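**Student:** Output the structure for:
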Amino acid sequence: MRIVLASSSPSRRMILQNAGVDPVIQPADVDEDALLAATDGSPEEAVATLARAKARAVASQFHDDVVIGGDSMLLIDGRLQGKPHTPETTVARWHEQAGKVAHLLTGHCILHRGQEFVETSTTTVHFAQASDADIAAYAASGEPWQCAGAFTLEALGGWFIDRIEGDPSSVIGLSLPVVRRALYGFGLDASDFWNAEK
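**Tutor:** Numbering: from 1, shown residues only. Okay, here's the model as predicted:
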């Protein structure tokens, strides 16, 4: 029995590896824009919908394993923001969010032998009033282009986050407490997966 990550996110993989798990990486192929357009609910439900679609997309290949789907978006000024993808969008986002408080929502869907556990974690992020030069340099680095909210907590972006309130692993991309609760709900222990081989 293994943990399967339905994502190519290096940050999510890192969280699991640092926690003693060597996950199977099986990225899900889902149309995130179409799913979001069809979602008529709260921001928390939107990220949960994306996580559920990713987990379900690969679950049939791994019936006896634990499959994790996740997705993160930043809720700021009542709007959800995903990955910026370009340096120009990154700069625009940072000029908008510098000095503000926002909420990083991370949806989780964890599947095991027909059981499904879905939870969205919310972490409050206090953005620094970063200088124009630092915003430009951070955008040019490429690091935040594939990150929800155009920032990382664990790398260069850590310079520009004054503080967070909530689960740090959730901000990085996968909440270990949420995964633990799911495993316990399935009658499993976190330690069952420590240093497991693929």
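
**Student:** Output the longest helix belonging to the chain.
**Tutor:** helix 43-59 (DSSP state H).

**Student:** I'd like to know which elements it is packed against.
**Tutor:** Using 3 or more CB pairs under 8 Å, 6 or more residues apart in numbering; DSSP states H and E, the elements in contact with helix 43-59 are helix 32-38, strand 66-76, strand 79-81, strand 101-112, strand 115-127. Yep, even glycine has a C-beta here, placed from its N, CA and C like the rest.

**Student:** Could you list the low-pLDDT ranges of the chain?
**Tutor:** Counting by pLDDT under 70, the chain has low-confidence residues at 196-198.

**Student:** Distance of the residue nearest to the spatial centre of it relative to Asp162?
**Tutor:** Nearest to the geometric centre of the chain sits Gly173, at 3.0 Å (CA atoms, centre = their mean). Counting by CB to CB, to the nearest Å, the gap between Gly173 and Asp162 amounts to 20 Å.

**Student:** likewise Ile76?
**Tutor:** According to CB to CB, Ile76 and Asp162 sit 15 Å apart.

**Student:** do the same with Ala28
**Tutor:** 34 Å.

**Student:** Of these two, which one has the most company?
**Tutor:** Ala28 (21 against 11; other CB atoms under 10 Å).

**Student:** could you list every residue that touches that one?
**Tutor:** When contacts are counted by CB atoms under 8 Å, 6 or more residues apart in numbering, Ala28 touches 6-7, 53-55, 57-58, 69.
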